[in-house]
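S.K.: Next comes the sequence, and after it the predicted model I'd like to discuss.
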Amino acid sequence: YYNYRGLFYLNQEKYDLALADFEFILKLDPTYAWAINNIARIYNKQEKYDLAIEEYTKAIELSVDDPLSYSNRGLSYRDNLEDYDKAIIDFTSAIDLDKDNPVRYDYRADCYIAMEDYNSALVDLSKAIDLDPDEAKWYAYRSDIYEYIKDKEKQLDDINTALDLDKEYSYGYRLRGDVYLKEKDYDNAIDDYLQAINFDSLANYSKSHLADCYFELEKYSKALQVLNEAIAIDSTYLDFYYDRLKCYILLGDTLKAFEDAETLISMDSLSTTGYIFRGYLYRITNNNKKALNDLNHAVSLDTASSWAYNNRASYHMFIKEYELAELDYKKVTSISNTDPEPYFYLSRIYKLQEKYFKASIYLSKSIDKLIIGDGTISSEDLMDEIELVTLYVKRGQLYGLLEAPEEMCEDYKKACDLGDCEIFEKECK
């Protein structure tokens, strides 16, 4: 009776009452490991993680052959303390006692993933599949590892196997949608995200990425509709408001965009995001003083935020304060020298100052970083991206101003290879 009542109280988050019941059980039988495990669960819920570990250890000492106690302590080490080495030791002990349980191999695989030991994680999840080959989720989880090691073929094979085993597996459709989204295959991504949502109407991650697809296809009204649905399910997730704000801007509804910026600020006053976008909105509505106040505040909130400096630099560029823009863009490069965007805009500044050689050097840096990295370059309105082909054209133009025709035509040819041949045909043939 006390055990069942204690579990009821625990599930109702009435932890003091639950603890009283389990402690009463231990007065009657101090060796009842199940009650000790449940006391540990209560401490975990109360974020008293060290006490939880102590209780799990007591349970193990009372029943050294029980794999569940090792698993429970391992989960506490993994999820609450992020002590993956100790978690692995406990999961290994549980596996030694119960070698045919695929769940414990999955638990240990998660530790290896956190430690970036992907080969060991693959071994464990492959073992889970061997033990339970008809369970879709093991294939889905292994596909995540193939993504980490950039083996797209095996990643897709596992996702497709998961969906063959369970045609209503929302997570599987989401994973495949993510693959398509990464490849910019938005139509197939949309189909998969819609399937994911169809089988799980609360799948807000899929809704967020579905909105991303519509956004990339410039279907802003559809993106807005999806984001409204997501916010109705979870009104606490900041990224939904951030994405919806961008949709409102592109749909020309600055009033609604301001409302979402205010929401972002009210939900997290220490985050730069709301201030940066409200500053942008003030800028495009010609309220420069308020724009600068917000951007200055964003910088003060996080002096290591390259994004905050980048956006303040963009403001200075907009009002033609090039020296101040130069200072902010150089600050960005000192924080993160892998981002191509500040080098691009520094090149623009130097071109405006007719420092063409210096402009070409910084534009070359921008091109190099765009080629080797995952960074992007936002246009001045923050809503679009500047592509590599455009950079080659712009550097070719700089070489023209420097009277370097060979280098100019070499860049125009690179632009042509990427699909823009107009200037190459005009200037170099």
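M.R.: It's in. All of these numbers come straight from a predicted model, not from anything done at the bench.
S.K.: I figured Y84 was touching A114, is that so?
M.R.: Yes - judged on Cβ atoms under 8 Å, Y84 makes contact with A114 at a distance of 5.4 Å. Every residue, glycine included, has its C-beta placed from N, CA and C.
S.K.: quick one, which of these two is more surrounded?
M.R.: In terms of neighbours (other Cβ atoms under 10 Å), Y84 is the more surrounded of Y84 and A114; the figures are 20 against 13.
S.K.: low pLDDT regions in the protein?
M.R.: 373-385 (pLDDT under 70).
S.K.: all strands of it, in order?
M.R.: Using DSSP state E, the chain contains no strands.
S.K.: Just the buried positions in the longest helix that it contains, please.
M.R.: The longest helix of the chain (DSSP state H) is helix 356-372. For helix 356-372, a neighbour-count test (16 or more other Cβ atoms under 10 Å) marks 356, 358-367, 369-370 as buried.
S.K.: out of those residues, who's nearest D234?
M.R.: Ranked by distance to D234 (Cβ to Cβ), the buried residues of helix 356-372 are led by L370 at 34.6 Å.
S.K.: which residues are common contacts for Y84 and A114?
M.R.: Common contacts of Y84 and A114 (Cβ atoms under 8 Å, 6 or more residues apart in numbering): R78.
S.K.: distance of the closest residue to Y15 other than its chain neighbours from T273?
M.R.: Spatial nearest neighbour of Y15, excluding adjacent residues (Cβ to Cβ, 6 or more residues apart in numbering): I42 at 5.0 Å. Separation of I42 from T273 (Cβ to Cβ, to the nearest Å) stands at 37 Å.
S.K.: nearest to L301, of the buried residues of helix 356-372?
M.R.: Distances from L301 to the buried residues of helix 356-372, taken by Cβ to Cβ, are shortest for K369, at 26.3 Å.
S.K.: isn't that closest one right next to P342, touching?
M.R.: No - using Cβ under 8 Å as the test, K369 is too far from P342 to be in contact (9.6 Å).
S.K.: any idea how far D212 is from S221?
M.R.: S221 is 15 Å from D212, where distance means Cβ to Cβ.
S.K.: State the number of residues packed around D253.
M.R.: For D253, the neighbour count with other Cβ under 10 Å is 15.
S.K.: Oops, could you answer that again for N101 instead?
M.R.: Look at N101: counted by other Cβ under 10 Å, it has 18 neighbours.
S.K.: I figured it hits P67, correct?
M.R.: Yes - counting by Cβ under 8 Å, P67 is a contact partner of N101 at 7.3 Å.
S.K.: what do those two both touch?
M.R.: Counting by Cβ under 8 Å, 6+ apart, the residues touching both N101 and P67 are A94, I95.
S.K.: Pretty sure D420 sits against L391.
M.R.: No - judged on Cβ under 8 Å, D420 makes no contact with L391 at a distance of 11.1 Å.
S.K.: who's more crowded, those two?
M.R.: Between D420 and L391, counted using other Cβ under 10 Å, L391 has the larger neighbour count: 25 against 16.
S.K.: wait, what's in contact with the more buried one?
M.R.: Contacts of L391 by Cβ under 8 Å, 6+ apart are F344, L363, S366, I367, L370, I377.
S.K.: who touches the third one in this structure?
M.R.: Counting by Cβ under 8 Å, 6+ apart, S366 makes contact with P340, E341, Y343, F344, S347, I377, L391.
S.K.: Considering the residues you listed, which possesses the most neighbours?
M.R.: Counting neighbours by other Cβ under 10 Å, the top entry in these is S347, with 27 neighbours.
S.K.: Let me see the ranges of the helices in the stretch 251-400 of the chain.
M.R.: Applying DSSP state H, counting those that start in this stretch to the stretch 251-400 of the chain gives helices spanning 254-267, 272-284, 288-301, 306-318, 322-335, 340-352, 356-372, 388-401.
S.K.: would you list the ones you listed in a markdown table and tack on distance to E410?
M.R.: Below are the helices of the stretch 251-400 of the chain laid out as a markdown table (distance: least, Cβ to Cβ, whole Å):
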| stretch | distance to E410 |
| --- | --- |
| helix 254-267 | 43 |
| helix 272-284 | 37 |
| helix 288-301 | 39 |
| helix 306-318 | 29 |
| helix 322-335 | 26 |
| helix 340-352 | 18 |
| helix 356-372 | 12 |
| helix 388-401 | 8 |
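S.K.: R244 is in contact with L224, isn't it?
M.R.: Yes - between R244 and L224 there is a contact under Cβ under 8 Å: 6.4 Å.
S.K.: ok, back up a step: out of S221 and D212, which sits in the more crowded spot?
M.R.: Neighbours were counted for S221 and for D212 using other Cβ under 10 Å; D212 has more, 18 against 10.
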